[in-house]
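J.: Everything below, folded, please.
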Amino acid sequence: MVGQHDKVGEIVEVMGQEGSPPYRVRFEDGHEGVCSPGPDTEIRHRNLTR
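T.: You can find the predicted model right below:
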């Protein structure tokens, strides 16, 4: 939405088939919501190997 800050969250559940949206997302403030990303959404994959 115009005039709002970017939000950073972690996808905690994939609710669609074969990895597709919607996603349950946990945001930095602890809030969770269901999200179907729009064209201005950037999804980054985390490297889980350490």
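
J.: could you point out where this structure is predicted with low confidence?
T.: Scanning the chain with the threshold set as pLDDT under 70 gives 1-2, 49-50.

J.: same thing but 50
T.: By pLDDT under 50, the chain has no low-scoring segment.

J.: Distance of Ser20 relative to Asp29?
T.: Relative to Asp29, Ser20 is positioned 26 Å away (CB to CB, to the nearest Å). Backbone N, C-alpha and C define where each C-beta goes, glycine included.

J.: make that Ile11, sorry
T.: Taking CB to CB as the measure, Ile11 falls 16 Å from Asp29.

J.: Between the two, tell me which one has more neighbours.
T.: A direct count of neighbours by other CB atoms under 10 Å for Ile11 and Asp29 places Ile11 higher, at 17 against 8.

J.: Quick check: that one is in a strand.
T.: Yes. Looking at Ile11 with DSSP: H, G, I helix; E, B strand; the rest coil, it is inside a strand.

J.: so it bridges to which residues?
T.: Here Ile11 shows beta-bridge partners Val25, assigned using DSSP bridges.

J.: next one: Cys35
T.: Tyr23.

J.: I'd assumed Pro21 was in contact with it.
T.: Yes. Cys35 lies in contact with Pro21 (CB atoms under 8 Å); the separation is 7.1 Å.
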